[in-house]
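Student: Sharing a sequence plus its predicted fold:
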Amino acid sequence: MVRMITFHSREGCEALTPNGNMALIEITDVPNNYIKTWEQWNNKISISFFDADCVKFPKATWETHRHMLFTKELAKQILDFVGMLPDFITHIVVHCEAGVSRSAAVARFLADHKYNIRISQYNEARNMYVYMLLWQTMYDKSEQEFNEWAEEQSDFYIRDQWEEMLKKYKSDKKIILFTEGEK
């Protein structure tokens with residue numbers, strides 16, 4: 001049973017010595033850009049998407065980069081992976097390039113919603129768009145339902161960050177969600 005979730009930079013993850021009780025979620029900018037120790041991990045998944053908070057992502061780049069943004073399909077891959085982990089896995093390691101935004105969002109989401117455990121690391125820079133899509137995918141909920149949930153949270157960071165993003169981009173009236181099939 002998972003009792004620990006940590007997030008790391010690429011370099012920090014490569015410095016770890018994996019054991020049989022650990023699982024790895026690798027997040028890269030480009031496919032097949034594995035960490036040096038990739039082969040040492042028995043339970044692992046690698047997914048690729050840009051580190052973009054899609055609420056803040058400039059509209060001019062949607063057309064050229066939306067195929068590399070986080071999607072509900074990628075969220076489902078993560079959730080399916082952790083759902084199929086063997087019972088002996090006690091530690092999930094999540095890494096991205098810097099270990100700040102994408103990995104922090106995935107780790108925090110899994111700790112909060114999948115395993116109901118506390119993580120010792122705290123990072124205000126976690127990508128709330130990634131967190132939101134994981135939430136929507138796990139609970140099969142809409143963006144509006146996420147907004148309502150976020151407004152009710154006692155976690156001031158989640159509520160305040162989400163409200164700030166909505167205020168800042170209110171002129172858009174919505175956050176555009178793309179699936180991998182859209183081009």
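Tutor: Received it, and whenever you're ready, just let me know what you need. Numbering: from 1, shown residues only.

Student: switch to C-alpha atoms for all contacts and neighbour counts from now on
Tutor: Noted.

Student: Disregarding residues adjacent in the polypeptide, which is nearest to the residue positioned nearest the centre of the chain?
Tutor: Among the residues of the chain, the one closest to the centroid is V106, at 3.1 Å (CA atoms, centre = their mean). Take V106 and drop its neighbours on the chain: the residue closest to it by CA to CA, 6 or more residues apart in numbering is Y131, 6.5 Å away.

Student: Next up, identify which helix or strand that neighbour is on.
Tutor: Element membership for Y131 (DSSP states H and E) is helix 128-139.

Student: List the buried residues for that helix?
Tutor: M128, Y129, V130, Y131, M132, L133, L134, W135, Q136, T137, M138 (16 or more other CA atoms under 10 Å).

Student: Check the residues you listed and tell me the two furthest apart.
Tutor: M128 and M138 (15.1 Å; CA to CA).

Student: who touches the residue nearest to the centre of the chain in this structure?
Tutor: Contacts for V106 (CA atoms under 8 Å, 6 or more residues apart in numbering) come out as V94, V130, Y131, L134.

Student: Tell me the helix or strand right after the helix holding Y131.
Tutor: Next along the chain from helix 128-139, counting by DSSP H and E, comes helix 143-152.

Student: Please state the offset of that following helix from the chain centre?
Tutor: Remark: helix 143-152 is offset 18 Å from the chain centroid, using CA atoms, centre = their mean, to the nearest Å.

Student: quick check: angle from that helix to helix 128-139?
Tutor: 110 degrees (axes from the mean of the first three to the mean of the last three CA atoms, to 10 degrees).

Student: list the helices and strands the helix holding Y131 packs on?
Tutor: helix 72-83, helix 102-109, helix 143-152, helix 156-168 (3 or more CA pairs under 8 Å, 6 or more residues apart in numbering; DSSP states H and E).

Student: Send me it as CSV with only the CA atoms.
Tutor: Extracted C-alpha coordinates of helix 128-139, given in CSV (Å, rounded to 0.1, in the frame of the first residue of the first chain):
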residue,chain,number,x,y,z
MET,A,128,-3.2,23.8,-11.2
TYR,A,129,-4.3,22.9,-14.7
VAL,A,130,-2.7,19.5,-14.3
TYR,A,131,-4.3,19.1,-10.9
MET,A,132,-7.7,20.2,-12.3
LEU,A,133,-7.6,17.7,-15.2
LEU,A,134,-6.6,14.8,-12.8
TRP,A,135,-9.5,15.8,-10.6
GLN,A,136,-12.0,16.0,-13.4
THR,A,137,-10.8,12.6,-14.8
MET,A,138,-10.8,10.8,-11.5
TYR,A,139,-14.3,11.9,-10.5
